[in-house]
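J.: fold the following and give me the result.
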Amino acid sequence: MNKYILMNKNIALAQIILSDDGKIYDLLEIYNIKAFPVGIICNDIKMSNKDIQNNLAEWWQGRAIPASRQGLFSVLQEFNIERSSILAMKCFGLSLSDQYWIKPINSKLTWDKINFFNNKFSNDIGEAFFNPNFVKESNEIDFITPDNTSDGWLRKKWIIKNEKRCLIKSGSDPYRQEPFNEVIASLIMKNLNVYPYVKYDFFVDEGQGICSICDNFITENTELISGYALAKTYIRDKNTSIYNHYLDIADKNNISNIKDFFDSMIVLDYIIANTDRHHNNFGFIRDVNTLEYLSPAPIFDSGTSLWHKYSVLSNKIGTPVIAQPFYNTHEMQLSLVKNWDRFDFSKLRNITEEIYDLLNKNPLIDKKRNNIICAALKERIQSIKLYQERMVNKYSIPLQSDDTDILTKFKQLKFNLQPVYFYYKNKFVPNNKIKYNPSIDKKILKQALIDGFSREQVKKILINSPNIKSEQMIDFMYRSFSHDKDLKNIILERTIHL
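T.: Next up, the predicted model:
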């Protein structure tokens, strides 16, 4: 057991005890609760010291390298270290995302002498993750590095390049596509020019090959607050959506531009089919000295996208993916976008050609897979342009409206007919409600056939319904229309046999 002072730069926050395995064992005394890490204190309830200690322990554990990190077990085994929380303790909990650290009792260490923003740091741990041939005696390892407190499941390391702190991230097997996706997301945001974003470039690493690299957007005077941490500062009412919960908290903290931020993030994630925009993959920037929020953070960490792990044989490239953080489909998240006029998607007209050239630099992606990814991406750009057209031109909900042009464009979709499902759903369900009676699916099936979609297309449309668990269920629905003469004739005309 060891006693430490939890610090925020030079401000003492609390006295704590850490166990030998690097976990917070006890909270002995609180000195300055206002400067605590965001998310420890919930403003809606009176918290006991035990509650604060538990939240602090969770925060500290989240500061350590997660167990899902590629290569973590090998690194810990190599250096005879039991847990990643011990690594965090060895570097005094210092990070390049904020200014919190732990100071041993009676130590003369100061923030100015040890922080990573202004002082050099070791590359040993980063190299151990990146280079399988890295060899160094454990008693020679320098553990003073921000690599001990980096999050995420991919291999990553911090370096100092041209006096700037830069983060390098590798990719995952089989295609190591994530670094390319980061660069692609940067390119898309650059062309749209609607919101600040982290610019990613390529970095060739001896051990990991082509990686991504970006400058640190946090300085010694700012800290990154994750969405997860911010959401914990107030209790969310059960009738309040998580999206509106963020808007409410932003209003309480005078965080500006949050709607533009979410609009841009949702639109980007739709285009690149991002599956990993969880609440720690976006955030907010706070002035560490005044404790005032400055803005949402630039958009970062978009690598888990563009069907990065799927082969051509899987037939999953281009298909709908699970979305985060507000709804589980990207189409539903688009309904949250407030200002469609900000987006000029014509600026993405030829972008898939540039993206093809970028992916072509990856030796693990062949031309066939590259072509399919780019074709699917082009279709998603077309789909979001169509969604924008529907929203800006106020296409009406009643079925009597003339949507011939929209339906013609929908029929051209090859990979993803999820937009068509939500188009029909919005027609049959008032006020765009999410939940509805399963009988609506029958109405969608019938209307889609009447509008000229093939049976195969209807399957791809209806499979997006939360009520449909398999294509066999859709076949049963066809049989239920055996007494509908008009529909039966339509089906027979398309050589569909009940």
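J.: where does residue 13 land in three-state SS?
T.: The local conformation at residue 13, judged by DSSP: H, G, I helix; E, B strand; the rest coil, is strand.
J.: now do the contacts for it.
T.: 5-7, 30-33, 35-36, 100 (CB atoms under 8 Å, 6 or more residues apart in numbering). Backbone N, C-alpha and C define where each C-beta goes, glycine included.
J.: and these, which of them are buried?
T.: Among the contacts of residue 13, those classed as buried by 16 or more other CB atoms under 10 Å are 5-7, 30, 35-36, 100.
J.: just send these back as a markdown table, with secondary structure too.
T.: What follows is the buried ones among the contacts of residue 13, written out as a markdown table (three-state DSSP):
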| residue | secondary structure |
| --- | --- |
| 5 | strand |
| 6 | strand |
| 7 | strand |
| 30 | strand |
| 35 | helix |
| 36 | coil |
| 100 | strand |
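J.: make CSV from these and add distance to residue 484 to it.
T.: Shown next, in CSV, are the buried ones among the contacts of residue 13 (distance: CB to CB, whole Å):
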residue, distance to residue 484
5, 75
6, 69
7, 72
30, 70
35, 68
36, 64
100, 66
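J.: those residues: which two are farthest apart?
T.: Of all pairs drawn from the buried ones among the contacts of residue 13, the one with the largest separation by CB to CB is 30 and 100; the distance is 14.7 Å.
J.: tell me, how many residues neighbour residue 74?
T.: 12 (other CB atoms under 10 Å).
J.: with residue 171 instead?
T.: Around residue 171 there are 25 other residues, counting by other CB under 10 Å.
J.: mind checking how far it is from residue 156?
T.: 11 Å (CB to CB, to the nearest Å).
J.: also residue 144?
T.: The value you get for residue 144 to residue 156, if CB to CB is used, is 17 Å.
J.: which one's more surrounded, these two?
T.: Neighbours were counted for residue 144 and for residue 156 using other CB under 10 Å; residue 156 has more, 21 against 17.
J.: can you give me the distance of that one to residue 328?
T.: The spacing between residue 156 and residue 328, counted by CB to CB, is 27 Å.
J.: got it, and residue 275?
T.: The value you get for residue 275 to residue 328, if CB to CB is used, is 10 Å.
J.: please name the spatially closest residue to residue 83 (chain neighbours excluded).
T.: Computed as CB to CB, 6 or more residues apart in numbering, the closest residue to residue 83 that is not its neighbour in sequence is residue 21, at 5.2 Å.
J.: now do residue 381
T.: residue 348 (5.1 Å).
J.: would you check that that neighbour makes contact with residue 191?
T.: Yes - applying CB atoms under 8 Å, one finds residue 348 in contact with residue 191, separated by 5.8 Å.
J.: between the two, which one's more packed in?
T.: The neighbour comparison of residue 348 against residue 191 (other CB under 10 Å) goes to residue 348, with 22 against 17.
J.: now the more buried one: phi and psi?
T.: Residue 348 has phi and psi values of phi -100, psi 10 when expressed as degrees, to the nearest 10.
J.: so that it lines up with my notes, have the first residue be 50 from now on.
T.: In the new numbering, first residue 50, that becomes residue 397.
J.: for residue 509, what is the enclosing helix or strand?
T.: For residue 509, the enclosing helix or strand under DSSP states H and E is helix 504-511.
J.: from residue 292, how far off is residue 283?
T.: Taking CB to CB, one finds residue 283 at 14 Å from residue 292.
J.: ok, residue 388 next?
T.: Applying CB to CB, the value for residue 388 to residue 292 is 15 Å.
J.: who has more neighbours, those two?
T.: Regarding residue 388 and residue 292, a neighbour count based on other CB under 10 Å identifies residue 292 as having more, with 16 against 11.
J.: contacting residues for the more buried one?
T.: With CB under 8 Å, 6+ apart as the criterion, the residues that contact residue 292 are 311, 375, 385.
J.: any idea which residue sits dead centre in the protein?
T.: residue 326 (1.7 Å; CA atoms, centre = their mean).
J.: what pLDDT does that one get?
T.: Residue 326 is assigned 97 on the pLDDT scale.
J.: count of neighbours near the closest residue to it other than its chain neighbours?
T.: Here the nearest residue to residue 326 in space, its sequence neighbours aside, is residue 373; by CB to CB, 6+ apart that works out to 4.7 Å. A count of neighbours around residue 373, defined by other CB under 10 Å, yields 17.
J.: how near is residue 373 to residue 379?
T.: Taking CB to CB as the criterion, residue 373 is separated from residue 379 by 10 Å.
J.: returning to what we had before: most neighbours among the contacts of residue 292, which one?
T.: Neighbours here are counted as other CB under 10 Å. On that basis the top member of those is residue 311, with 23 neighbours.
J.: how about the secondary structure of residue 296?
T.: helix.
J.: shaky segments in the stretch 150-299 of the chain?
T.: Along the stretch 150-299 of the chain, the parts satisfying pLDDT under 70 run over 184-188.
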